[in-house]
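*Asks:* Build the 3D model from these lines:
(one chain, ligands or ions: 1)
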Amino acid sequence: MFADKLFVVVANNFFTIISLTIVTYVIQFYINYFNRKSKLPGPLPVPILGNLHQIGNDFPLAAESFRQKYGDLYEFYMGSTRHVVISRADLAEKVWGPLSIKNTKFIMRNAYSEGVDELGLGTRGMVLNRDIESWSFNRKFLVQSTSSPSFLREAIKLTSKVNEEVFKYWRIMEKVGMPISIPDWMDVIGIDVVVTTATGKRMSSTAELFNKLNVNEQKSEIKGMWNNGIKFAEAIFTYNESMAFMMLLSPFIRRNFPGFKSINQKYLDNKTWINDQLEKMISERRKEIENTPLDQPLEPSILTILLTTNTERDLEKISVGKNDQPLANDQLSSILREVFTGGLDTTSNTISYVIYFIAKYRDIYLKIRDEVLKVYGTLDNPNIVLESFEKLKYMDAVIQESIRSFPTISVISRAATEDVDFDGFTIEADTTVYTNLKALSNNPKYFTDPEKFNPDRFLNDKGSMVKYSFLPFGNGVRMCPGRAWAMVQMKTFLIKLVSTFDIELVDKNAEVKYKYATVNRPVDINLHIKARKD
Ligand code: HEM
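*Replies:* Prediction:
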């Protein structure tokens, strides 16, 4: 009886009840917002969305426009979750400064996020892993396996081989005057180098790109060992792109809002596809190793190192502390995945930007060439060895200046495990704090004439540089474990480039452009090339 009456009342007043519920929700949202602790300046959020409508799909652009309005310490909301952004060196020191796990409060990459768990990264791998024990284990493993001199020497050999092949294609393109799309070529070079290093399976995506361009109907005969290579690399780019989406957006929006729902599903399907591929790679290589007699050497690759760790065929004798067992499949695939997600488009994007700048400033290009000539005594096939890299001081300064001017990772986060005082404001534990690396390294307070591309600042003024104003690979406990490998790849390519070609931007006035995909992926960097004339 009562239920019937209640139903009639609800039915007759349906819209009033819905409206009242919404009004109450909105009022409650703003009561909470205006009474929040430690109010920082920042854009006014709206219920459910937070500031999503102002951020859109270009987070670095929004972070910069908020900074110009609200200063170097501000907050924004995604749904009802608060995020903080800093762009000052003294604040950055609090986040990135401490060098030991014991002393740092900012040991996490981000606050708890359901989306990160859905991607399978919350307790696995490295970059977004919040489980300190497994993160620390995986990290030690990756650092040791990718920064040993023997690994780096192999990396030089392989990178040189891929470069040689690419330059053959470029010479053919030069003859017909076809411009070179740098981001496309750097991507395929990265794919061939990283996937081959990681899996031991020779990739041929550079040949595939050349064949696709159909230059003078010439075709490369080089065949890779893995047909799905380019598809796999593209899936990794999508996976990287999905990280910011899954980390920032509330599950409610991702799962229910038209447009977002399909993107969410695409990212989850992509994750599943990658995991299947990783499993296949691992089981195939495991079988190959089992079928290789003990007295025959194994082809070295990161996957082989991972599979043989703590077995009788241990290649590198990597010591990661208490665990002396062979790695479990889950550990194995999460470390391998991190090599791809961390290594693929970071290095290729960074080198693309370097090439943009040196194509724009010919005097800088010629200075690098002079240095190469001095260090190697010749420009005809310089003998690239690891030990020579530290002598390439000018080249190093150019790479640093390029990252300073336009970093591929321009906004990156950490989160603390305890409350932290920032300028008298308490930032609560488990709040994601982003550092706007690009704003820091383009701030005239820290860098004179920041808009000027001036590599000399890294040679002459390095001592006086404000600490924590430039963090190309981060700093402290979570500093990039792949930096040595990345530098080796970039320098090997640049040595060969300056000694082989003269380069020029097709559009001399082209600005640096990017597409945001967690990292900034360069677009529209096109070059004319000509064989070097002495
Ligand atoms: C020029 C190329 C690269 C740039 C600019 C770059 C930059 C960065 C930055 C800024 C961080 C954050 C560090 C921090 O929190 O202190 C990072 C983390 C990371 N990078 Fe790189 N990186 C590059 C290449 C690579 C390569 C080649 C690998 C492959 C092994 C890699 C793997 C990673 C991983 C796994 C992390 C997460 C580390 C952790 O959370 O413990 N990166 N990178």
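
*Asks:* show me where the stretch 201-350 of the chain has helices.
*Replies:* Under the criterion DSSP state H, counting those that start in this stretch, the stretch 201-350 of the chain contains helices at 205-213, 229-248, 251-256, 260-290, 302-308, 329-360.

*Asks:* The fifth one - what's its average pLDDT?
*Replies:* For helix 302-308, mean pLDDT rounds to 89.

*Asks:* Residue 32 and residue 39: what is the separation?
*Replies:* 12 Å (C-beta to C-beta, to the nearest Å). From N, CA and C alone the C-beta is placed, and that goes for glycine too.

*Asks:* same check, this time on residue 530
*Replies:* 59 Å.

*Asks:* what do you get for residue 325?
*Replies:* Residue 325 is 50 Å from residue 39, by C-beta to C-beta.

*Asks:* Check residue 350 too.
*Replies:* Using C-beta to C-beta, residue 350 is found at 37 Å from residue 39.

*Asks:* When those two are compared, which one has more neighbours?
*Replies:* residue 350 (26 against 11; other C-beta atoms under 10 Å).

*Asks:* Could you pull up the residues touching the closest residue in space to the more buried one that isn't next to it in sequence?
*Replies:* Nearest non-adjacent residue to residue 350, counting by C-beta to C-beta, 6 or more residues apart in numbering: residue 408, 5.1 Å away. The contact partners of residue 408, by C-beta atoms under 8 Å, 6 or more residues apart in numbering, come to 345-346, 349-350, 353, 519-522.

*Asks:* Which secondary structure element is home to residue 408?
*Replies:* Residue 408 belongs to no helix or strand when assigned by DSSP states H and E.

*Asks:* Against residue 146, how distant is it?
*Replies:* 19 Å.

*Asks:* Near the ligand, which residues of the stretch 201-350 of the chain are found?
*Replies:* 338-339, 342-343, 346-347, 350 (C-beta under 6 Å from any ligand atom).

*Asks:* List just the nearest of the residues you listed to the ligand.
*Replies:* residue 342 (2.3 Å; C-beta to the nearest ligand atom).

*Asks:* give me the number of residues near the closest one?
*Replies:* 23.

*Asks:* Now do the nearest residue to it once chain neighbours are set aside, the pLDDT please.
*Replies:* Nearest non-adjacent residue to residue 342, counting by C-beta to C-beta, 6+ apart: residue 482, 5.3 Å away. Each residue has a pLDDT score; the one for residue 482 is 94.

*Asks:* How about the contacts made by residue 482?
*Replies:* For residue 482, counting by C-beta under 8 Å, 6+ apart, the contacting residues are 142, 146, 339, 342-343, 346-347.

*Asks:* any idea how far it is from the ligand?
*Replies:* 2 Å (C-beta to the nearest ligand atom, to the nearest Å).

*Asks:* Residue 22 too?
*Replies:* For residue 22 relative to the ligand (C-beta to the nearest ligand atom), the value is 41 Å.

*Asks:* Next SSE downstream of the helix or strand that residue falls within?
*Replies:* Under the criterion of DSSP H and E, residue 22 resides in helix 14-34. Proceeding C-terminally, helix 14-34 gives way to helix 52-55 as the next helix or strand, assigned by DSSP H and E.

*Asks:* any idea of the pLDDT on the closest residue to residue 396 other than its chain neighbours?
*Replies:* Spatially, and ignoring its direct neighbours in sequence, residue 396 is nearest to residue 458 (7.4 Å; C-beta to C-beta, 6+ apart). At residue 458, the model reports a pLDDT of 95.
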